[in-house]
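# Next come a sequence and a model predicted from it.
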Amino acid sequence: MDDLSRKREDEWFQQNEEKLLEEARRARLERERKRGAREEEEARRRLKELHFMKCPKCGHDLKTEDLDGIEIDRCTFCEGFFMDAGELEGLFLKRGQSERQGIVRRLLGI
């Protein structure tokens, strides 16, 4: 490489150095963002595996039961029952008094 070519190359790098550094910085930040998102998703997945369908009271497994078209989760150990958002309203608020009493009896096993 002759002196003129080397001088042109040096000039090009001087002119474009900031742009190249900025592109490299953006690429690094994007890689870090993607890695962070993957790690966060993996942590959520592991947490769900630990707690999904587990009784919040005793930690044993929950089983799903149908109660008048609403799925409730009942603990296989302590017999506690748990409902997702909106299920309580579906069981009680949209029904008459006699229906509500029957639902409560079935829930309590009496």
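Thanks, I have the structure now. Numbering: from 1, shown residues only.

# From here on, just use CA atoms for contacts and neighbour counts.
Fine.

# Mind telling me what element the residue minimising distance to the centre of the chain is part of?
In the chain, the C-alpha nearest the mean C-alpha coordinate belongs to Arg44, at 5.3 Å (Cα atoms, centre = their mean). Applying DSSP states H and E as the criterion places Arg44 in helix 3-51.

# Asp66 too?
Counting by DSSP H and E, Asp66 is found in strand 62-67.

# Parallel or antiparallel, which strands does that strand pair with?
Note on strand 62-67: by DSSP bridges, its sheet partners are strand 70-75 (antiparallel).

# what's the nearest residue to Glu87 if we skip its chain neighbours?
Sequence neighbours aside, Ile70 is the residue nearest to Glu87 in space, at 6.5 Å (criterion: Cα to Cα, 6 or more residues apart in numbering).

# Just list whatever residues bridge to that neighbour.
Counting by DSSP bridges, Ile70 forms beta bridges with Leu67.

# quick one: contacts for it?
Residues near Ile70 by Cα atoms under 8 Å, 6 or more residues apart in numbering: Glu87, Gly90, Leu91.

# how near is it to Ile103?
Computed as Cα to Cα, to the nearest Å, the Ile70 to Ile103 distance reads 11 Å.

# Overlap in contacts, the two.
Among the neighbours of Ile70, those also in contact with Ile103 (Cα under 8 Å, 6+ apart) are Leu91.

# Asp61 and Cys75 touch, don't they?
Yes. Counting by Cα atoms under 8 Å, Asp61 does reach Cys75; the two are 6.0 Å apart.
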